[in-house]
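> Prediction below, plus the sequence it came from.
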Amino acid sequence: MTMEYEDSSSTLEKLTLLVFIVAIVIGNLCVFITYLVRADGKHWSNVFVLCMAFIDLFIGGFVLPMRFMSAYGSPLTSKLCTALAIGESCALAAIIYAIAFMIYTRLYSLKQPTPVIDRRFLLILILLSWVILFLFYGIPFMTNYSNYLLTETSTTSNQTSYCTTYTTSIYHPLWMAYTEIGIIYILPLLIIFIGLLFLMKHLCKRRPRRLEASERKSYIEQQQMTWHVYLLGITFCLFWFPWIIIRIIIIFNHTYQIQRALQITYYILMIKSFIFPILYAATNASFRGNFAIYRHQRIVINKHIWSVNDSNQQSLQQRRGY
């Protein structure tokens with residue numbers, strides 16, 4: 001099947017995509033470095049943080065560079081496009097399930113007086129969701145990729161590409177597109193929205209009075225963790241909702257204007273991948289502690305250097321005076 005699409009080769013768009021790639025890779029590498037060097041990075045929430053950082057790193061390190069090559073370089077081969085389609089689809093879907101798991105794990109921990117959450121179970125749950133998503137996307141594309149990939153002809157450059165992209169169109173057949181939008185996206189987003197309402201209800205509760213020092217410290221830590229999960233969920237929904245709406249509209253109305261809107265909302269979606277590390281740093285104690293240690297060590301080193309320089313200058317002045 002052949003279709004026409006409208007591409008863009010403006011310098012601003014190229015630079016924007018390159019900035020996305022660099023920011024996403026650097027930000028999420030910092031996430032891994034922070035949790036590797038911190039001794040207290042064993043909280044259950046860190047499993048989801050590292051999971052989402054790994055997915056975002058995959059998007060910034062593989063998906064977007066391949067999209068850049070496909071759009072502004074030589075067209076990718078059909079097999080490479082198939083691998084890109086599977087990886088991109090699985091990565092985008094896996095993030096939404098990781099957010100849902102994180103929210104409801106937090107709600108579970110709030111309901112239990114002394115919650116004991118085994119990180120191995122969370123890791124198994126995440127890996128199981130990845131396997132299911134890979135089977136959903138991978139089997140159709142790998143077994144019959146020639147029928148699932150469209151041959152696109154650009155209206156501006158007359159170049160032919162075998163990569164139909166999220167930034168121009170939905171490359172799935174109708175049955176797969178409806179299943180993806182309904183089960184992979186809409187249902188989990190609805191579940192996430194309900195979970196966020198429960199988190200907000202908990203955050204709006206009044207602070208208990210006459211708490212002892214240890215109880216006050218525990219209460220503050222619990223509130224900070226709830227805010228951490230809530231802000232991640234809200235940010236996720238704000239960036240994803242426009243893209244989901246356009247994904248539904250383009251099934252019924254495939255025009256150049258809708259393609260352009262889908263492209264814009266796709267890049268808005270990609271902003272989440274380097275906004276999340278900033279939220280980790282702002283709302284997670286492990287990040288703040290690690291950066292505080294780095295800052296303290298840097299100040300100590302600078303003071304040591306200054307003191308050495310001062311002593312050298314004083315000894316030099318003494319020699320000159322002598």
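It's in. Since this is a predicted model, take the numbers as computed values, not measurements.
> Quick one: neighbours of V19, just the number.
11 (other C-beta atoms under 10 Å). No exception for glycine: its C-beta is placed from N, CA and C like everyone else's.
> and what of Q259?
Neighbour tally, Q259, other C-beta under 10 Å: 20.
> same check, this time on the one 4 residues further on
The burial count assigned to Q263 is 21, neighbours taken as other C-beta under 10 Å.
> Y267 touches I21, doesn't it?
No - here Y267 lies out of contact with I21, judged by C-beta atoms under 8 Å, at a distance of 11.8 Å.
> Okay, now the unreliable bits of the stretch 151-300 of the chain?
151-172, 283-300 (pLDDT under 70).
> for it, what spans make up the helices?
With helices called from DSSP state H, counting those that start in this stretch, the stretch 151-300 of the chain shows them at 174-179, 187-203, 213-252, 256-283, 285-321.
> Of Y267 and I21, which one has the most company?
More neighbours surround I21 than the other of Y267 and I21, with 21 against 15 (other C-beta under 10 Å).
> separation between that one and L15?
11 Å (C-beta to C-beta, to the nearest Å).
> same deal with Q222?
From Q222 over to L15 (counting by C-beta to C-beta), the distance is 43 Å.
> Counting neighbours, go ahead and name the busier of the two.
Neighbour count, other C-beta under 10 Å: between Q222 and L15, Q222 has more, with 14 against 10.
> so what's the more buried one closest to, chain neighbours aside?
L110 (7.6 Å; C-beta to C-beta, 6 or more residues apart in numbering).
> pretty sure the one you found is touching T226, no?
Yes - using C-beta under 8 Å, L110 makes contact with T226 at a distance of 7.2 Å.
> intersection of neighbour lists for Y267 and I21?
Common neighbours of Y267 and I21 are not found (criterion: C-beta atoms under 8 Å, 6 or more residues apart in numbering).
> Please tell me I have it right and F48 contacts I103.
No - using C-beta under 8 Å, F48 makes no contact with I103, being 9.4 Å away.
> What about L199, how many residues nearby?
Neighbour tally, L199, other C-beta under 10 Å: 22.
> Relative to V229, how far out is it?
The value you get for L199 to V229, if C-beta to C-beta is used, is 7 Å.
> Repeat that for L76.
Taking C-beta to C-beta as the criterion, L76 is separated from V229 by 38 Å.
> Who has more neighbours out of these two?
V229 (23 against 18).
> Helix or strand: which one has the residue nearest to that one when sequence neighbours are not counted?
Spatially, and ignoring its direct neighbours in sequence, V229 is nearest to R106 (4.5 Å; C-beta to C-beta, 6+ apart). For R106, the element it lies in under DSSP states H and E is helix 78-111.
> Flag every buried residue along that helix.
81-107, 109 (16 or more other C-beta atoms under 10 Å).
> Could you do stretch 121-129 as well?
122, 126, 129.
> residue contacts, the last one?
When you say that, I think you mean S129. Going by C-beta under 8 Å, 6+ apart, the list of residues near S129 reads 94, 97-98, 101.
> helix, strand or coil for it?
The three-state label given to S129 by DSSP: H, G, I helix; E, B strand; the rest coil is helix.
> Check the gap between it and V22 for me.
S129 is 29 Å from V22, by C-beta to C-beta.
> The first one too?
L122 sits 31 Å away from V22, going by C-beta to C-beta.
> which strands and helices sit next to the strand or helix carrying L18?
Per DSSP H and E, L18 falls inside helix 11-37. On a contact count with 3 or more C-beta pairs under 8 Å, 6 or more residues apart in numbering; DSSP states H and E, helix 11-37 meets helix 44-58, helix 64-72, helix 256-283, helix 285-321.
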